[in-house]
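>>> only geometry, no sequence info:
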């Protein structure tokens, strides 16, 4: 099992656009073989977001990229 960890710093002016776009991500991650998707925002670092999920192989990870 591989844990995928992605971090984003979002432009405050594009925050709502980003949050709207992220609504479809959990289903897309699952479709590509990922599971246990999580999406977080730093409390002390507004607009810093982290996504995590699990995949079974490097091939599945490559698809998520």
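Good, I have the coordinates. Every value quoted in this text rests on a predicted model; they were computed, and no experiment measured them. Numbers count the residues shown, from 1 in each chain.
>>> And the residue lying farthest from the centre of the chain, how close does it get to residue 47?
For the chain, the residue at maximal distance from the C-alpha centroid (Cα atoms, centre = their mean) is residue 13, at 19.6 Å. Here the distance between residue 13 and residue 47 works out to 10 Å (Cβ to Cβ, to the nearest Å). All C-beta spots, glycine's among them, are computed from the backbone N, C-alpha and C.
>>> Setting aside sequence neighbours, what's the nearest residue to residue 64?
Excluding its sequence neighbours, the residue lying closest to residue 64 (Cβ to Cβ, 6 or more residues apart in numbering) is residue 32, at 5.5 Å.
>>> Would you mind measuring from that neighbour to residue 60?
For residue 32, the distance to residue 60 (Cβ to Cβ) stands at 7 Å.
>>> how about the residue nearest to residue 64, what does it touch?
Residue 32 sits next to 60, 63-64 when contact means Cβ atoms under 8 Å, 6 or more residues apart in numbering.
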